[in-house]
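Visitor: whatever this is, show me its structure:
(2 chains)
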Amino acid sequence: MTTLDQLLPGQTAQIVRIDGFDGIASRLREMGFVPGQSVQFLRSAPLGDPLKCAVQGGRVAVRSGEARRVFIEPTPPAKGS
Amino acid sequence: MASTASSNSGDKALTPSGESFRVALVGNPNTGKSTLFNALAGMNVRTGNYPGVTIEKKVGRCDLGDASSTNTDHKRFVIDLIDLPGTYSLAPRSPDEMVAVEVLTGDLTNESPIDLVVCVMNATMLQRNLFLVSQVLELGKPTIIALNMIDTAEGRGIVIDTELLKKNIGATVVSISASRRSGIGELRRAMRHELENIEKAGAGKTERDRPLPEGFYEVCSELRQSLVKTACTTESLGRRDQSQSVLPDQYLIERLLLDRGGEAERRAVRQFGAAVLPSISSAREKLADLVGDPTDMECSARYSWAAKSLQGVVSTKKAMPRNATDWLDAILTHRVLGVVCFFAMMFTIFQCIYSFSSYPMQAIEYLTGLASDWVVSIVPPGMLRSLLVDGVIAGVGGVLIFLPQIALLFFFLALLEDCGYMARAAFLVDRVMTLFGLSGKSFLPMMSSFACAVPGVMATRVIENRRDRFATIMVAPLMSCSARLPVYLLMIGAFVPSTAYLGGWFSSQALVLMAMYLVGVVVAIPIAWLLKRTLLRGEVAPFVLELPEYKIPSASVLFSRVWEASKEFVVRAGTLIFAASILIWFAGFWPGDHSRQFSLERQIESETESFAEIVPDTEEASGTLIPSTLPPEAEAKAAQIEKLEAEHRNLSAALLENSVLGKIGHVIAPVVKPLGWDWRIGVGAVASFPAREVIISTLGTIYSLGGEVDEEDDSLIAAMRASTWPDGRPVFTVPVALSIMVFFALCAQCVSTLLVIKRETNSWFWPALSFTYMTVLAYVAALATYQVGSRFFS
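Guide: Next comes the predicted model:
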């Protein structure tokens, strides 16, 4: 298990859990970061932060600090892509 | 509120209690909620603030058409449509978010409860949008789902079975496309239908399947009971019924249980005292034993409810095509190309604002001139004329002149926001902005402030974190706005030598001008940094920003944003600027016997008239233009007019010196002396409190020229160059000019900005702080500039 900020661009993973119950964690949950959902890391901003991810059919930018709270299980790259 | 009183005539549909129906519009951000609001309410919108918070209150009047034919008395269905800020969830974490929830639950004092909720959903992102829908449905209000962007979804081959969705979630579902205005009529009919039902059957809680586990609702009602008990013991022993009504809505009790450290909890502690905390935490423990951690439980329950509701609802006909948004993002957020595009876009916007606004600005200036000529032609010289021309027209006109810039700026801001680029700009610059404690969302407000801090401060509404927003509001006025430019131009033009460097590519004048623009930016960084470590200290705001799909901006949204911003600017700032202008005029006018001045004015006017009779084709009334071909009698007249005007100038200056403003000038003379300023510059600085540009007309007045001078006026420059201290040294030197410019670069001499800060922060503390810190900073920086500069230049 690793965290969202460790993914490589284009890589997809399964969300395992979100760390914490504060405002940031709640915001992540509301935006679709919930256990069981798949998340894809798309690209990072020019200076390396924030990160652009695809989750629940939408695109969300998070800072790597927030991404570290999203625990994930990387899925093997899809065939044919 | 009483605002609905106008609808209390007999021909309209009303709630059983006799008010017009209130319909709330809720939805996630980027669901096209504003476009739908415009489609429903049109231009019929009132905006304001909810008391005590910074949320904009936006209410539109919306006509749902004639009531159905079964209704014999032909009622019109005119409703109040309340636009709530876009939100991902109804879990209030701040007083601002609480207001939105309280509008929905009906807990807000002075606001009647909502009769119907219209929840806007993005048809391309149903599952995530259903999270909010599940919370909205729990409010127990009649609810209609407006399934927006149905055309986009269809274009991607997504087919949605709305009938099944309606059955699954227990609320009416209407497919619409707000941007194409399709399905709006159907939505109106659905709204009318629901409201007619309420009219017949009366309001009541709508019972639906509850998404959370049963155990949760049991713990909830236990918590409710213990709250009733606490309320009874703390305030009114035995008066059980009353304390029952004091209790918040059932939904807020659920939030109290679910949100640790949330606003519902703070509200309960404020209402019932800290005594409620043990019962809350024991209820949470019980809940944890029953169904697991409350927050996780809520999320997974709502998302599984969403998944269940969507079962069989969505079918995708064809494979998803390569998305235009990802393709555009590959360029616009690219490491190199993205940054290039970003700067190119910002440059273009500023170029447009400067070049496009110059014509309307000239037009406004011309109209102001016409108005003042008109007043002069019908009002005889006297106090009334002085008040109208020098006070009202000069003051209000001086502010109105910024209207084109504000309208253009808001047009571009709305354009960037509505097409989806704004979120990308925030994404690109976030890393840089975090270095000094701000976030990517602060960038555009600060950028806007280079045109004018008023729209800049208003643009901070996009920052939802209060501390980030306030820090941005505090530093935005440091950006060099367009009102400082006339001051820079006057000082640079008069006192900075035009030495060219590097073969004419750089002139010292341009370099000084650029330095003035940089001063604000350089100072803003430590100020923001300091604020975020002192007054606005707190947990780092989350930067979780949705990057919506790019779309063609909606013309109605652009138009209404520009219209609202312009209207607000003219009405709000206009009325207060009006008052401030009169005040400054009065301080410069009173006390003093102006009868001689007025009689001089009358004399000058009659002499000018007779001069014009002798030389009919001369439009030049000031007498400064005396062609050598004039007949001798005209020449004599011209000379006399000159003489009268000189006397008038000297008299005006003397009157000003003895007025309240002049007295103030002499009081502050010792204060501004270390800056290298004489009392006249001091008066200029004080008089320019309403707006920085006022210093130019004030200096003009003081230098015996009368109020009508601008930065190009050579004679003002000449008068300033000739001006001396009592001992004969020149007042204006390069260090003095620099010190004046630095002062105006950093000071808070702008009533409109301070008032807009007051309005946006809803407190007098922040404008007071702005004014204090900027004035202190401006003084210290001007002092340092002069002291260092005068050693360097001598």
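Visitor: tell me the contacts of the residue nearest the centre of chain B?
Guide: Centroid-nearest residue in chain B: B:M458, 2.0 Å away (criterion: C-alpha atoms, centre = their mean). By C-beta atoms under 8 Å, 6 or more residues apart in numbering or on different chains, the contact set of B:M458 is B:A565, B:E568, B:V756, B:E760. (Each C-beta comes from the backbone N, C-alpha and C, glycine too.)
Visitor: that one should be in a helix, yeah?
Guide: Yes - counting by DSSP: H, G, I helix; E, B strand; the rest coil, one finds B:M458 located in a helix.
Visitor: helix, strand or coil for A:R17?
Guide: strand.
Visitor: same question for the helix or strand harbouring B:F347, mean pLDDT?
Guide: In the assignment (DSSP states H and E), B:F347 maps to helix B:337-378. Mean per-residue pLDDT for helix B:337-378: 83.
Visitor: show me what that helix is packed against.
Guide: Judged by 3 or more C-beta pairs under 8 Å, 6 or more residues apart in numbering or on different chains; DSSP states H and E, helix B:337-378 is in contact with helix B:324-332, helix B:394-400, helix B:403-419, helix B:421-435.
Visitor: what's the closest of those to B:P92?
Guide: Comparison of the helices and strands packed on helix B:337-378 against B:P92 by C-beta to C-beta identifies helix B:421-435 as nearest, at 23.6 Å.
Visitor: can you list the residues that contact that closest one?
Guide: With C-beta under 8 Å, 6+ apart as the test, helix B:421-435 has contacts from A:45-50, A:52, A:61, A:63, B:329, B:332-333, B:338-339, B:342, B:345, B:413, B:416, B:439-444, B:462, B:543, B:545-548, B:550.
Visitor: buried ones only from those residues, please, as a PyMOL command.
Guide: Selection of the buried residues among the contacts of helix B:421-435 in PyMOL, burial being defined by 16 or more other C-beta atoms under 10 Å in any protein chain shown:
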select buried, (chain A and resi 45+46+49+50+52+61+63) or (chain B and resi 329+332+333+338+339+342+413+416+439+440+441+442+443+444+462+543+545+546+547+548+550)
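Visitor: returning to that earlier point: per-residue pLDDT, the residue nearest to the centre of chain B?
Guide: Confidence at B:M458, expressed as pLDDT, is 81.
Visitor: same check, this time on B:S556
Guide: For B:S556, the predicted pLDDT is 86.
Visitor: give me the neighbour count for it.
Guide: Residues near B:S556, counting by other C-beta atoms under 10 Å in any protein chain shown, number 18.
Visitor: how close does it get to chain A?
Guide: As for B:S556, its distance to chain A is 24 Å (criterion: C-beta to the nearest C-beta, to the nearest Å).
Visitor: need the contacts of B:M458 in CSV (columns: neighbour count, distance to chain A and secondary structure).
Guide: Below are the contacts of B:M458 laid out as CSV (neighbours: other C-beta atoms under 10 Å in any protein chain shown; distance: C-beta to the nearest C-beta, whole Å; DSSP: H, G, I helix; E, B strand; the rest coil):
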residue, neighbour count, distance to chain A, secondary structure
B:A565, 22, 27, helix
B:E568, 19, 30, helix
B:V756, 26, 28, helix
B:E760, 21, 22, helix
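Visitor: where does B:P248 land in three-state SS?
Guide: coil.
Visitor: can you list the residues of chain A near chain B?
Guide: Counting by C-beta under 8 Å from any C-beta of the partner chain, the residues of chain A lying close to chain B are A:21-32, A:34-37, A:42-43, A:45-50, A:52, A:56-63, A:65-66.
Visitor: of the residues you listed, buried ones?
Guide: Burial by neighbour count, judged by 16+ other C-beta under 10 Å, picks out A:21, A:23-32, A:34-35, A:42-43, A:45-46, A:49-50, A:52, A:56, A:58-63, A:66 from these.
Visitor: list the ones among those that fall in helices.
Guide: Taking DSSP state H, the ones among those that sit in helices are A:G23, A:I24, A:A25, A:S26, A:R27, A:L28, A:R29, A:E30, A:E66.
Visitor: in those, find the pair that's most separated.
Guide: Farthest-apart pair in those is A:E30 and A:E66; separation 12.9 Å (C-beta to C-beta).
Visitor: what ranges does the chain have for its strands?
Guide: Since no chain was named, I'll use chain A. A:2-3, A:12-18, A:38-44, A:51-55, A:58-62, A:70-74 (DSSP state E).
Visitor: oops, wrong one, chain B.
Guide: Secondary structure of chain B, counting by DSSP E: strands at B:22-27, B:45-49, B:56-66, B:76-83, B:116-122, B:143-148, B:158-160, B:172-175, B:314-316, B:500-501, B:506-507, B:544-546.
Visitor: who are the packing partners of the last one?
Guide: The one in question is strand B:544-546. Strand B:544-546 sits against helix A:23-30, strand A:58-62, helix B:421-435, with contacts defined as 3+ C-beta pairs under 8 Å, 6+ apart.
Visitor: do you know which of the ones you listed lies nearest B:A171?
Guide: Per C-beta to C-beta, nearest to B:A171 of the helices and strands packed on strand B:544-546: helix A:23-30, 20.3 Å.
Visitor: tell me the angle of the lowest-mean-pLDDT helix or strand in chain A relative to strand A:12-18?
Guide: Scoring the helices and strands of chain A by mean pLDDT, DSSP states H and E places helix A:23-30 at the bottom, with a mean of 83. Here the directions of helix A:23-30 and strand A:12-18 differ by 130 degrees (axes from the mean of the first three to the mean of the last three C-alpha atoms, to 10 degrees).
Visitor: residues contacting helix A:23-30, please?
Guide: Contacting residues not belonging to helix A:23-30 are listed as A:18-19, A:62, A:66, A:69-70, B:88-89, B:91, B:93, B:131, B:259, B:295, B:299, B:539, B:542, B:544 [C-beta under 8 Å, 6+ apart].
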